[in-house]
Structure formats: structure tokens, C-alpha cells
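A.B. asks: Return a 3D structure for these sequence lines:
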Amino acid sequence: MTLPFLPVARPARRLAALAALAALAALAALAALAGCTTAPGAPTAAAPSAAAPPAPSPAPAVAGADAGPSAAFGAWRSAFRARAAASGITEATLRAALDPVQPLPRVVELDRAQPEFTRTVWDYLDSAVSPQRVARGRERLQQVRAEAPALAERHGVPAEVVVAISGLESNYGRNVGDVPTLDALATLAFDGRRRAWAEDQLLAALRIVQAGDIDHDRMVGSWAGAMGQTQFLPTNFLAYAVDADGDGRRDLWGSTADVVASTANFLSRVGWQAGQPWGVEVRLPPGFDLLRADDRLRRSADEWMAEGLRTADGGPLPATLADASVLLPAGARGPAFLVGPNFRAILRYNNAAAYALAIGLLAQRLADGPGVQAAWPRELRPLARSEVIALQTALNDRGFDSGAADGLLGPATRDAVRRFQRSVGLPPDGFADAALLQRLLP
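C.D. replies: Alright, predicted model coming up:
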């Protein structure tokens, strides 16, 4: 999962403990004063079209909290320690890996961040599939093929796809993050907004340390707990990581073989279909019903061809592409894609259409394939979060239920936009921009 990295030096953490705890207490106090409300949900990686983090809630009361933040964190850690011990984590592992953890206030700040503005899908792809990233990716692909020949293909996954994931997640292994994973997860658990999720991840991280895959002092990653060159969360590490080089450890930080095999194994296990493309850019026929551009409507390539769809250059659709749906990431004015099971497998890695599209297109370019051929509507600007709230409020007021006005352009909001567009004679592509907002406002 793609997440920002927070630099924290583990050797200095004991010296900074009191300052960290004080800062964490200040953050909690500010949150309480702001009267924040809870919006539960496990995190997904931050891609440009991914939902911003939900609003924070004050951390639930912890036994001993009245004695100050240090006692509160210690009380939480003691309670979690008992749970970990009951789950099979040894005393030696707890003493070495859990007892020294300290809260990291910056992790709380990043977890609660709600950016007002988002990037357009074309801006994101300009960076994600830039000429420089493609060039570096081709170099990395040659290294992978030399150091881990055919490992990805054994799982039915092209090596280009695995390399593309490492390119977006860690700049091909150059930036795996330097936040102590145990400290980050302990912070998120103690903060309380996603306590159950964070404690499960922390328990999984302790199991990884106990298994000897990596020493606790070397377990570093992103601020949200993702680790290694392809940024596995600890639970995914336990479920999918592979010791491909036979050294007795699953090393997603330094072993090319383990990184390649583990990432390919993940994709294979979540639905990757060998021999199918992730998708293809298409040309829609005149008069195509945009309501059919819906992930819930899936057809074979032959069925879509019967409706008049062709590749962007006018050729036949890939015969092996099955169970595919039409994707319009920028609405009716932008490029169209036909995406299948492998696109949805990438979404299991990061549930953002822009991210999955970036992986598919970058892998395509690494294999000397084409980039996007149709033009993006670059004259459009994305709605700010406050504008999305205004959009949702206006839709709800007019009877087009978009759910809670939370500033997130999710499926319910897109469906509401489609219904409104259809009611006023606009192409029902579900794409919201400033012009649509102005039309909705009184």
C-alpha cells in the first residue's frame, strides 16, 4: 500500500519518550476540544483517487489515564502485552520487541490528516508512469530477471506487474520507509481510532519478529505499518510472504527473490488470472449508454465487441479478457478502459482505481507497450473536499441520495451524480466537476 513515510530514528526514541508523550497528549486534547467524531474503517493506501482518512475521534479512556499520558500508554501496553502473551508471543519477544515501543505523535498527525485538495487521475498518472519511472523500471526488470528468473511467472503473474508495484510502493526498493513498524502500530492502537485493526497488525508484526524473518530493530516501513519493497501490512506478510531464496527468512526488505515471489503470490491468491491482460484502453461506439460503464456490469471481450467496443487503435479486443467492465476514470470526456479480473486483483493491493490503473499502465510500458492514447480533460479541476461536501448536500437536498456528506467521492456519491445527470439530460458518467457543482447549487 502506498503511504507517506515518516522518518524516525529508533536509537533516539528512548531519549525523546517524554517529549513524544507530551505531544501525543496535546494532540488528544486538541482533538477533544475540536469535538471530532468517529468514522470507522480500516485504512487503504493513499492513492490520488483514494478516500481521505475519516475524521478522528478522541482516544477511548484507558485505565490509568488520569495519571497522565505516560501512565495511559503504559496501561494500554500492559493490557496488549497480556493479549499477545495469551496468543503465543514469547516473553523473550515481548521483552525485546514490545516493551521498548514508544508513541510517535507524527503518526497520529498523519493518520488524522484530511487534505482539502486531491490530484486528478491524469496528474497522478503523469508522475506514476513518468518517462523516468519507466526507464528505472526497465533497469529494475532486468535485475529481477537476473536475480529471480521466472519467479513471478510461476504464480502466473508477469514480472512487469511485480516490478511496477515496487516502483510505486518504494521507488523500486530505494525508499522502503524508516519508521519503526512496532512503534507506529502501537501508536495507532493507543490512539484508539482504529484500535482493533492496529492491534491485529501489531500482533502479526510480533509474530514476524518471533519467526526470525527480521530483527525488531530492522523492521521499518511507512507510518501506517506497511513494510518492505512492496509495502506489505504485517497480516498480509504472514499470509502471503514467501522464502524464495531458501535462507530461512521471508525478507521483503533486501531479498529480490522473496519480494518477487511474495508479491506474485499475493496477486495469485486474491484472484489474478494467468494469461489475461489487466485491461485495455478502448474506443466506445457512438451512442454508447454510459450507464453501462459500471463495475457491476461484466461481460466477455466477445460480448463487448458485439456492442461495438474496439481497442484504442480500432483493433479487436483481447480474446482472453473475460468478466470485464468499462472504466471511465475521467468521465465521458476522458479515456475509456475495459478492465478484468487482474485489474480487480490489483485493487486488492490498493483499493483505488487510479492506483490499479497506474500499475497496469506502468507494467504495460515496462513491456514496451503503449501509454494512454486518448486525451485527458486537463482543463477540468478536481473538487476540493469542501466542494464535495457541498455537492453531496445538494444531491441529498434534491432527492438523489449520496449518503453522508463526508467529502469523499465514493460509489454512493457517483451513483447519485449519475442519477442527477440523467435527470437533466447530461451524459451519466458519474464524474463530478466544478460545472456540475454549480448546476446543482441554488
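
A.B. asks: the strands in the stretch 151-300 of the chain, which residues?
C.D. replies: 179-180, 220-221, 279-283 (DSSP state E, counting those that start in this stretch).

A.B. asks: And for the closest residue in space to residue 277 that isn't next to it in sequence, the neighbour number?
C.D. replies: What sits nearest to residue 277 in space, not counting adjacent residues and going by CB to CB, 6 or more residues apart in numbering, is residue 318, at 5.3 Å. C-beta coordinates here come from the backbone N, C-alpha and C atoms, glycine included. Residue 318 has 16 neighbours, counted by other CB atoms under 10 Å.

A.B. asks: tell me the contacts of residue 318?
C.D. replies: Counting by CB atoms under 8 Å, 6 or more residues apart in numbering, residue 318 makes contact with 276-277, 280, 301.

A.B. asks: same thing but at 10 Å, please
C.D. replies: 276-277, 279-280, 301, 311, 324, 338, 340 (CB atoms under 10 Å, 6 or more residues apart in numbering).

A.B. asks: among those, who's most crowded?
C.D. replies: For the contacts of residue 318, the largest neighbour count, defined by other CB under 10 Å, is 29 neighbours, found at residue 324.

A.B. asks: Need phi/psi at the closest residue to it other than its chain neighbours.
C.D. replies: Distances taken as CB to CB, 6+ apart place residue 340 nearest to residue 324, at 4.2 Å, with adjacent residues excluded. Main-chain torsions, residue 340, degrees, to the nearest 10: phi -120, psi -160.

A.B. asks: In terms of pLDDT, where does the residue nearest to residue 277 sit?
C.D. replies: We have a pLDDT of 97 for residue 318.

A.B. asks: One more: the one 3 residues further on?
C.D. replies: Looking at residue 321, its pLDDT reads 96.

A.B. asks: And for it, the neighbour number?
C.D. replies: 24.

A.B. asks: one step back: the residue nearest to residue 277 belongs to a strand, doesn't it?
C.D. replies: No - read with DSSP: H, G, I helix; E, B strand; the rest coil, residue 318 is coil and lies in no strand.

A.B. asks: Tell me how far it lies from residue 199.
C.D. replies: Distance of residue 318 to residue 199, given as CB to CB, to the nearest Å: 44 Å.

A.B. asks: gap between stretch 100-117 and the chain center?
C.D. replies: The chain centre lies 17 Å from the centre of stretch 100-117; the measure is CA atoms, centre = their mean, to the nearest Å.

A.B. asks: which parts of it are buried?
C.D. replies: 100-108, 110-112 (16 or more other CB atoms under 10 Å).

A.B. asks: any idea of the mean pLDDT in that stretch?
C.D. replies: Mean pLDDT, stretch 100-117: 89.

A.B. asks: Do me a favour and get the end-to-end distance for that stretch?
C.D. replies: 38 Å (CA to CA, to the nearest Å).

A.B. asks: again, but for stretch 83-92
C.D. replies: 15 Å.

A.B. asks: Stretch 286-299 now?
C.D. replies: By CA to CA, the extent of stretch 286-299 from end to end equals 19 Å.

A.B. asks: Contacts made by that stretch with the rest, please.
C.D. replies: So stretch 286-299 is contacted by 284, 304-309, 321-328, 331-332, 336-341, 343-344, 347, 353, 411, 414-415, 418-419, 421-422, 426-431 (CB under 10 Å, 6+ apart).

A.B. asks: Can you point out the buried residues in it?
C.D. replies: Result for stretch 286-299 [16+ other CB under 10 Å]: buried residues 288, 290, 293-294, 298-299.

A.B. asks: Pipe these into CSV and attach pLDDT and distance to residue 193 per row.
C.D. replies: As requested, those are exported to CSV (pLDDT from 0 to 100; distance: CB to CB, whole Å):
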residue, pLDDT, distance to residue 193
288, 96, 43
290, 95, 38
293, 96, 35
294, 93, 33
298, 97, 35
299, 97, 41
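
A.B. asks: now, among those, which is nearest to residue 216?
C.D. replies: For the buried residues of stretch 286-299, the residue nearest residue 216 by CB to CB is residue 298; the value is 44.7 Å.

A.B. asks: how about that closest one, phi and psi?
C.D. replies: phi -120, psi 130.

A.B. asks: measure it to residue 324 for me?
C.D. replies: Residue 298 is 6 Å from residue 324, by CB to CB.

A.B. asks: who touches both of those two?
C.D. replies: Common neighbours of residue 298 and residue 324 (CB under 10 Å, 6+ apart) are 304, 339-341, 344.

A.B. asks: Out of the residues you listed, grab the one that's most surrounded.
C.D. replies: So for the shared contacts of residue 298 and residue 324 (other CB under 10 Å), the most neighbours sit at residue 339, 26 neighbours.

A.B. asks: nearest residue to that one other than its sequence neighbours?
C.D. replies: residue 279 (3.6 Å).

A.B. asks: just for the stretch 1-150 of the chain, where's the confidence low?
C.D. replies: Residues of the stretch 1-150 of the chain meeting the criterion pLDDT under 70: 1-69.

A.B. asks: quick one, helices of it?
C.D. replies: 17-34, 69-86, 91-93, 105-112, 121-128, 131-147 (DSSP state H, counting those that start in this stretch).

A.B. asks: can you check the stretch 301-442 of the chain too?
C.D. replies: Using DSSP H, counting those that start in this stretch, helices in the stretch 301-442 of the chain cover 301-306, 341-349, 353-366, 385-397, 411-423, 434-440.

A.B. asks: Which other helices and strands does the fourth one contact?
C.D. replies: So that's helix 385-397. helix 411-423, helix 434-440 (3 or more CB pairs under 10 Å, 6 or more residues apart in numbering; DSSP states H and E).

A.B. asks: And those: which comes nearest residue 172?
C.D. replies: Between residue 172 and the helices and strands packed on helix 385-397, the tightest spacing by CB to CB is seen for helix 411-423, at 32.8 Å.

A.B. asks: residues making contact with the closest one?
C.D. replies: Contacts for helix 411-423 (CB under 10 Å, 6+ apart): 290-291, 293-296, 331-332, 388, 391-392, 394-396, 398-407, 409, 426-433, 436, 439-440.

A.B. asks: List only buried entries from these.
C.D. replies: Members of the contacts of helix 411-423 classed as buried by 16+ other CB under 10 Å are 290, 293-294, 331-332, 388, 391-392, 394-396, 400, 402, 405-407, 409, 426-433, 436, 440.

A.B. asks: So which of the helices and strands packed on helix 385-397 is the most surrounded?
C.D. replies: Mean neighbours per residue, mean count of other CB atoms under 10 Å, is largest over the helices and strands packed on helix 385-397 for helix 411-423, with a mean of 19.
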